[in-house]
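Asks: Here is a sequence together with a model predicted from it:
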2 protein chains.
Amino acid sequence: MKINVLFSPVSVNELYFTGKISVVIDALRATTTIITALENGAKEIIPVSTVEFAIKVSGGMFGWQTLLGGERNTKKIEGFALGNSPLEYSSDVVSGKSIVLYTTNGTKAIAKAKFSSELFICAFLNISALAKHLAFLNYDLEIICSGGLNNFSMEDSVCAGKLISKIEKLNNDLVLSDSARASRALSKSFGRNILNMMRDNEHGKLLIENGFEEDLTFCSKLNNSNAIPYLNGKAIKLLPDNINSFQSGPDEKTD
Amino acid sequence: MKINVLFSPVSVNELYFTGKISVVIDALRATTTIITALENGAKEIIPVSTVEFAIKVSGGMFGWQTLLGGERNTKKIEGFALGNSPLEYSSDVVSGKSIVLYTTNGTKAIAKAKFSSELFICAFLNISALAKHLAFLNYDLEIICSGGLNNFSMEDSVCAGKLISKIEKLNNDLVLSDSARASRALSKSFGRNILNMMRDNEHGKLLIENGFEEDLTFCSKLNNSNAIPYLNGKAIKLLPDNINSFQSGPDEKTD
């Protein structure tokens, strides 16, 4: 099982992902938000790569069952129902709804990797559940860090490294690329205390400055969810439980 | 003094570097080759980003004092006098010559960063000398890893991290970006034995496969040179010794 990590999707084109199994990470905050929304009963998340397309897509859907969500410069977009804070995506708000989501890096990374044969969504919340599923699938993987400023994001790279370490515990026949080995090393150097790591990082600092400190606390929770979101056509949905039935035992809260 | 690292120059455009102080690293092998050629008496290195341009540029120069050097897929290009192995660039071959150099990643990175107000060349060989000069300049820095397969190169990132650690010993007022902190951590995780790190890496393995194992030994030497190559117009030359006169004491062979 070969694993490669892209520290940013910016430098590859869409066709790079054709036929590959991909995992997209934007731990602060898009992929955490997607996991949370789906766990809280959202019907689906439709990721889009421009604000204009978000508005166009939502206009073609039934208004009462669709919500527009997303951010620009960390803040909710004018006219949108929701921002990009996972705390906004509570059951009473999202249950049964389709959510059209635009974010600066995360949904763009998903849109770029749309030709993958399978595309999964990862954040610190669901590392353990997803690692079990990926080890069971036993296919080569492309892990895509959505990246940020300067096309590198510490938290996404650390999250990728933790996912790799977890898969490695279940499958000792991994072949890691240089970037995959680097991610695993970074998760050891910076991943002991995820919240502190986020607080010290460029993106975390910007979120705190803009009043989103609680989001860091939420996004830093490890293995708090068994949800495995995947891209099904143009929408992200939860993998049905029966597909995960091989996953037994309680999830670890620490690694 | 702010320091940022780009793990690959692919995702930024040329104008990104306008007015910046840049350092380009392609430890295996282009920047090691440039340092070696200039130390061995080459008059200048003219980095180019396409083979066609290499041939065009060399055609406009005096044949007897110009050499074409470079590689494709690690191997010497047909019709070129030299490949990209630093061992080929000995005094008897390069002394007094202008060398037009094309390599897959290194010279492309240099060409991309050509609008930098200052551009320096770094490899493991000259980390200590260059760190002293950069700490003396005390300007913000962009360190550009030329990258490789999948736009990440372990050896370039480790070299960037070692350069940062060395500057940090001379200037304790550094502000590091996430990628700069990641590089410093990677140099601690993987940089204890540079030769072994190179042997274990994607690019190192490919070079060994293609018969260039001796290049790894040469390129892994730490602080073996006081040369500081810099881009002067369209050519790379050595910084004159008098500009480095503040550098006193012997260079360390280890860090």
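Replies: Now that the structure is in, tell me what you want to look at.
Asks: what's the distance between the residue sitting nearest the centre point of chain A and A:G106?
Replies: Note on chain A: the residue nearest the mean C-alpha position is A:T31, at 2.7 Å, using Cα atoms, centre = their mean. Applying Cβ to Cβ, to the nearest Å, the value for A:T31 to A:G106 is 6 Å. Placement of C-beta: from N, CA and C, glycine included.
Asks: and for these two, which residues touch both?
Replies: Here A:T31 and A:G106 share the contacting residues A:V24, A:S146, scored by Cβ atoms under 8 Å, 6 or more residues apart in numbering or on different chains.
Asks: and the gap between the residue nearest to the centre of chain A and A:I46?
Replies: A:T31 sits 15 Å away from A:I46, going by Cβ to Cβ.
Asks: Repeat that for A:G161.
Replies: Remark: distance between A:G161 and A:I46 (Cβ to Cβ) = 29 Å.
Asks: Am I right that A:S225 is in a helix?
Replies: No: looking at A:S225 with DSSP: H, G, I helix; E, B strand; the rest coil, it is coil, so not inside a helix.
Asks: Thought A:A37 was touching it, still the case?
Replies: No: counting by Cβ atoms under 8 Å, A:S225 stays clear of A:A37, with 11.5 Å between them.
Asks: so where is the stretch 51-200 of chain A shaky, pLDDT-wise?
Replies: Residue ranges of the stretch 51-200 of chain A with pLDDT under 70: A:62-63, A:149-150.
Asks: Number of residues surrounding A:T18?
Replies: Counted with other Cβ atoms under 10 Å in any protein chain shown, the neighbours of A:T18 add up to 11.
Asks: backbone phi and psi for it, please?
Replies: Here is the backbone geometry of A:T18 (degrees, to the nearest 10): phi -50, psi 120.
Asks: now it, nearest residue through space, not along the chain?
Replies: Once flanking residues are discounted, A:T18 sits nearest to A:F115: 4.6 Å by Cβ to Cβ, 6 or more residues apart in numbering or on different chains.
Asks: does that neighbour really touch A:I21, like I thought?
Replies: No: using Cβ under 8 Å, A:F115 is not in contact with A:I21, being 11.9 Å away.
Asks: which of the two has more neighbours?
Replies: A:I21 (18 against 15).
Asks: do you know how far that one is from A:E118?
Replies: 5 Å.
Asks: Now list whatever residues contact both of those two.
Replies: Common contacts of A:I21 and A:E118 (Cβ under 8 Å, 6+ apart): A:L137, A:Y139.
Asks: Can you point out the buried residues in stretch A:174-182?
Replies: Counting neighbours by 16 or more other Cβ atoms under 10 Å in any protein chain shown, one finds that the buried residues in stretch A:174-182 are A:L174, A:L176, A:S177, A:D178, A:S179, A:A180, A:R181, A:A182.
Asks: Make sure the fifth one is indeed in a helix.
Replies: By that I understand A:S179. Yes: under three-state DSSP, A:S179 sits within a helix.
Asks: ok, it - contacts?
Replies: A:S179 touches A:N4, A:V5, A:L6, A:F7, B:N150, B:F152, counting by Cβ under 8 Å, 6+ apart.
Asks: before we move on, which element is the second one in?
Replies: If you go by DSSP states H and E, A:V5 is part of strand A:2-6.
Asks: sorry, back to before: on the three-state scheme, the residue nearest to A:T18 is what?
Replies: Using three-state DSSP, the structure places A:F115 in coil.
Asks: show me the residues around it that make contact.
Replies: A:F115 neighbours (Cβ under 8 Å, 6+ apart): A:E14, A:L15, A:F17, A:T18, A:G19.
Asks: Check the gap between A:K97 and A:K43 for me.
Replies: Taking Cβ to Cβ, one finds A:K97 at 6 Å from A:K43.
Asks: can you list residues touching both of these two?
Replies: Common neighbours of A:K97 and A:K43 (Cβ under 8 Å, 6+ apart) are A:Q65.
Asks: Look at these two and report which has more neighbours.
Replies: Neighbour count, other Cβ under 10 Å: between A:K97 and A:K43, A:K97 has more, with 22 against 17.
Asks: ok, what's across the strand from the spatially closest residue to the more buried one that is not a sequence neighbour?
Replies: Distances taken as Cβ to Cβ, 6+ apart place A:L67 nearest to A:K97, at 5.1 Å, with adjacent residues excluded. Under DSSP bridges, the beta-bridge partners of A:L67 are A:I99.
Asks: A:L67 is in contact with A:E88, isn't it?
Replies: No: taking contacts as Cβ under 8 Å, A:L67 lies outside contact range of A:E88: 9.9 Å.
Asks: who has more neighbours, those two?
Replies: Ranked by neighbour count (other Cβ under 10 Å), A:L67 and A:E88 place A:L67 first, with 22 against 18.
Asks: wait, what's in contact with the more buried one?
Replies: For A:L67, the contact set (Cβ under 8 Å, 6+ apart) comprises A:A81, A:L82, A:V93, A:V94, A:K97, A:S98, A:I99, A:V100.
Asks: in terms of contact, does the first one touch A:G70 like I think?
Replies: No: using Cβ under 8 Å, A:A81 is not in contact with A:G70, being 9.8 Å away.
Asks: Who has more neighbours out of those two?
Replies: Taking other Cβ under 10 Å, A:A81 and A:G70 do not tie; A:G70 has more neighbours (26 against 18).
Asks: Just give the nearest non-adjacent residue to that one, would you?
Replies: A:Y102 (3.6 Å).
Asks: Report how many residues lie close to that neighbour.
Replies: Per other Cβ under 10 Å, the neighbour tally for A:Y102 reads 28.
Asks: Please apply the same query to A:K56.
Replies: A:K56 has 12 neighbours, counted by other Cβ under 10 Å.
Asks: How about A:I127?
Replies: Using other Cβ under 10 Å, A:I127 has 27 neighbouring residues.
Asks: my guess is it meets A:K166, correct?
Replies: Yes: A:I127 is within contact range of A:K166, at 5.7 Å (criterion: Cβ under 8 Å).
Asks: re earlier: ramachandran angles for the residue nearest to A:G70?
Replies: For A:Y102, the backbone dihedrals are phi -120, psi 130 (criterion: degrees, to the nearest 10).
Asks: Could you do A:V23 as well?
Replies: Per degrees, to the nearest 10, the backbone of A:V23 is at phi -130, psi 130.
Asks: ok, it touching A:C122?
Replies: Yes: if you go by Cβ under 8 Å, A:V23 and A:C122 touch, sitting 5.0 Å apart.
Asks: Overlap of the contact sets of those two?
Replies: A:L130, A:I143, A:L163.
Asks: Show me which residues of the helix or strand harbouring A:N196 are buried.
Replies: Take DSSP H and E as the rule and A:N196 turns out to sit in helix A:194-200. Using 16+ other Cβ under 10 Å as the test for burial, helix A:194-200 gives A:I194, A:M197, A:M198, A:R199.
Asks: residues contacting A:L186?
Replies: Under the criterion of Cβ under 8 Å, 6+ apart, the neighbours of A:L186 are A:M154, A:S157, A:V158, A:G161, B:A182, B:A185, B:L186.
Asks: A strand includes the last one, no?
Replies: No: using three-state DSSP, the assignment for B:L186 is helix, not a strand.
Asks: near chain B, which residues of the stretch 101-250 of chain A show up?
Replies: Proximity of the stretch 101-250 of chain A to chain B is confined to A:148-154, A:157, A:177-179, A:181-182, A:185-186, A:188-190, A:201-203 under the rule Cβ under 8 Å from any Cβ of the partner chain.
Asks: Run a quick neighbour tally on A:V24.
Replies: A:V24: 34 surrounding residues under other Cβ under 10 Å.
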